[in-house]
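J.: all I have is the shape, not the residue letters:
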């Protein structure tokens with residue numbers, strides 16, 4: 001078994017690729033500037049993309065259902081949530097650690113220690129997000145009471161959403177190195 005020696009976090013301006021970064025809200029407030037609005041807009045964009053994909057998936061299953069005399073229709077209630085889970089899992093767990101909506105808004109997901117999340121963490125974050133959403137909207141008040149603007153599902157899974165370092169202007173205020 002090979003062990004991977006993981007270097008410690010680096011300053012976000014010096015990070016590249018899979019580098020873990022410092023995500024201290026006191027030292028680097030620019031990582032969290034406007035993050036709630038960007039998270040919301042990213043969610044809307046992702047939801048719209050998935051709504052379109054769900055319509056196409058439904059059309060495919062209607063056609064398959066006709067061809068299989070209704071047998072394929074039984075899989076549709078499972079295929080749609082699985083498609084949504086796969087969308088978030090494979091985009092959050094990807095090297096960009098962001099969904100298409102997040103990339104468009106210039107934000108990304110990191111683990112609490114600044115590393116990029118893996119696929120399992122992306123899947124767990126998605127499951128916990130939808131479970132907490134379906135339980136009560138009150139749980140989404142969490143970001144208003146912490147500097148990193150983390151929601152409850154972020155705390156439970158050990159993630160934080162930040163502005164992508166590449167989207168922060170070079171002249172942004174940096175408090176310390």
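T.: Received, thanks. Note that the coordinates shown come from a computational prediction; the quantities given were computed from them, not determined experimentally. Numbers count the residues shown, from 1 in each chain.
J.: now for the helix or strand of the chain with the lowest mean pLDDT, which elements pack on it?
T.: Using mean pLDDT, DSSP states H and E, helix 152-157 stands out as the lowest-scoring helix or strand of the chain, at a mean of 82. In terms of contacts (3 or more C-beta pairs under 8 Å, 6 or more residues apart in numbering; DSSP states H and E), helix 152-157 is packed against helix 119-135. For the C-beta atoms, the positions are set from N, CA and C on the backbone; glycine is no exception.
J.: tell me the buried residues in the helix it packs on?
T.: 121, 122, 123, 124, 125, 126, 128, 129, 132 (16 or more other C-beta atoms under 10 Å).
J.: just the residues you listed now: which is nearest residue 154?
T.: residue 125 (7.6 Å; C-beta to C-beta).
J.: in contact with the closest one, which residues?
T.: Residues near residue 125 by C-beta atoms under 8 Å, 6 or more residues apart in numbering: 88, 92, 109, 117, 153, 154, 157, 159.
J.: just flag the most distant two among those.
T.: Top of the distance list for these (C-beta to C-beta): 88 and 154, 13.6 Å.
J.: those strands in this structure, which residues are they?
T.: Assigned by DSSP state E, the strands in the chain fall at 107-111, 159-163.
J.: isn't residue 108 up against residue 102?
T.: Yes - the pair residue 108 / residue 102 is scored as a contact, 6.0 Å apart, by C-beta atoms under 8 Å.
J.: give the residues shared as contacts by those two.
T.: With C-beta under 8 Å, 6+ apart as the test, residue 108 and residue 102 both reach residue 161.
J.: where's the helix ranked longest in the chain relative to the chain centroid, distance-wise?
T.: Criterion DSSP state H: the longest helix present in the chain is helix 35-67. Centroid separation between helix 35-67 and its chain, computed with C-alpha atoms, centre = their mean, to the nearest Å, is 16 Å.
J.: buried ones in that helix?
T.: Buried-residue list, helix 35-67, by 16+ other C-beta under 10 Å: 35, 38, 39, 41, 42, 45, 46, 50, 54, 57, 61, 65.
J.: got the phi and psi for residue 96?
T.: Here is the backbone geometry of residue 96 (degrees, to the nearest 10): phi -80, psi -10.
J.: what's the burial count for residue 69?
T.: 8 (other C-beta atoms under 10 Å).
J.: and it, what does it touch?
T.: Counted by C-beta under 8 Å, 6+ apart, residue 69 has zero contacts.
J.: need the contact list for residue 150.
T.: 142, 143, 159, 160, 161.
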